[in-house]
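**Student:** Provide a 3D model corresponding to the input given below.
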Amino acid sequence: MFQADTRYRTTTQSALGILEVIFFATARSVRKSHPNAIVGLAINMIQTMTLVFVFYIMFTFLGLRGVAVRGDFMVYIMSGIFLFMTQNKAMGAVLSSEGPASPMMQHAPMSTFVSIISNALGTLYIQILSVLLVLFVYNALTGSVAIDNPVGAFSMLLLAWFVGVSVGLCFLALKPWFPQFVSIASTIYMRANMLASGKMFLANTLPFYILKMFDWNPLFHVIDQSRGFAFINYNPHYSNTTYPLILACVLLVIGFMGESYTRKHASMSWGARR
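**Tutor:** Next comes the predicted model:
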């Protein structure tokens, strides 16, 4: 009655089967925050708009609007907030993906690779929709949204997501071995990006000794480059896209190597307490 499936599957069929599993796992990850996808999207939009409003009030009352680039002040704020939230959400999604000891791994098509990719894609889907809807609402209220190079600005959003996925994958590989350390370190990293990401200032206006305190952060480069694409009169001199891209690729390789090693040594008893 119960027999193993002995049908021959070509490489193309296997690839299509994996893509199908990733699609359904991505849909599951999108609905994980709330059973209603529309409500889940609304919650993410409210989080983004709240952070934009808080920074607008802070810049206004502290008299920091003068440090912004000439142009639409709200676009200046949103260019930092969107990328900051995208990186943090991507890192958190990958870090919270199912591990090798999860009950979901008992289903044959499922794997930790599928779980990681689906969580990352689900976050990217939600973030892109949130960004488009927030910009649509702002455009409806003000009449126009002026972005000099939308394609370049969108590519920086994707790069911020890629950096978040790579960092989250490294934390995920360490999580079963050092759960408390990973929890603290990931929280510190996300909180440090509130300042170290550079979303509150322009790299061109910083003195060199202060600039050296921030240029280690790939998100700092991504946000500064995104403002170069968003504003016609801003040309970033102290940041680039090569550094975050190469660093993200290196971290991605290290993360997958670490995750592979962890998966081979996984045990259901890791979560046990004496």
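**Student:** which of the residues in the helix ranked longest in the chain are buried?
**Tutor:** The residue-count maximum for a helix in the chain (DSSP state H) belongs to helix 112-142. Buried positions in helix 112-142, judged by neighbour count with 16 or more other Cβ atoms under 10 Å: 112-128, 130-131, 133-135, 138. C-beta: built from backbone N, CA, C; applies to glycine.
**Student:** Show me the shaky parts of the stretch 101-250 of the chain.
**Tutor:** 101-109 (pLDDT under 70).
**Student:** show me where it has helices.
**Tutor:** 112-142, 150-174, 179-196, 208-211, 218-230, 242-264 (DSSP state H, counting those that start in this stretch).
**Student:** So for residue 55, which of those helices sits nearest?
**Tutor:** helix 179-196 (10.2 Å; Cβ to Cβ).
**Student:** Any idea how far that closest one is from the middle of the chain?
**Tutor:** With Cα atoms, centre = their mean, to the nearest Å as the basis, helix 179-196 stands 14 Å off its chain's centre.
**Student:** Put the alpha carbons of that helix into CSV.
**Tutor:** C-alpha atoms of helix 179-196 as CSV (Å, rounded to 0.1, in the frame of the first residue of the first chain):
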residue,chain,number,x,y,z
PRO,A,179,21.3,31.0,21.5
GLN,A,180,21.7,33.6,24.2
PHE,A,181,24.6,35.2,22.5
VAL,A,182,22.8,35.4,19.2
SER,A,183,19.7,36.9,20.8
ILE,A,184,21.7,39.6,22.5
ALA,A,185,24.1,40.2,19.5
SER,A,186,21.3,40.5,17.0
THR,A,187,19.3,42.9,19.2
ILE,A,188,22.4,45.1,19.7
TYR,A,189,23.1,45.1,15.9
MET,A,190,19.5,46.2,15.1
ARG,A,191,19.5,48.8,17.8
ALA,A,192,22.9,50.1,16.8
ASN,A,193,21.7,50.6,13.2
MET,A,194,19.3,53.3,14.6
LEU,A,195,22.3,55.5,14.6
ALA,A,196,25.0,53.7,12.7
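**Student:** tell me the angle of that helix relative to helix 218-230?
**Tutor:** 30 degrees (axes from the mean of the first three to the mean of the last three Cα atoms, to 10 degrees).
**Student:** Counting neighbours, which bits of helix 179-196 end up buried?
**Tutor:** 182, 186, 189-190, 193, 196.
**Student:** tell me which of these is nearest to residue 152?
**Tutor:** So of these, ranked by how close each gets to residue 152 (Cβ to Cβ), first place is residue 193, at 21.9 Å.
**Student:** All set now, cheers.
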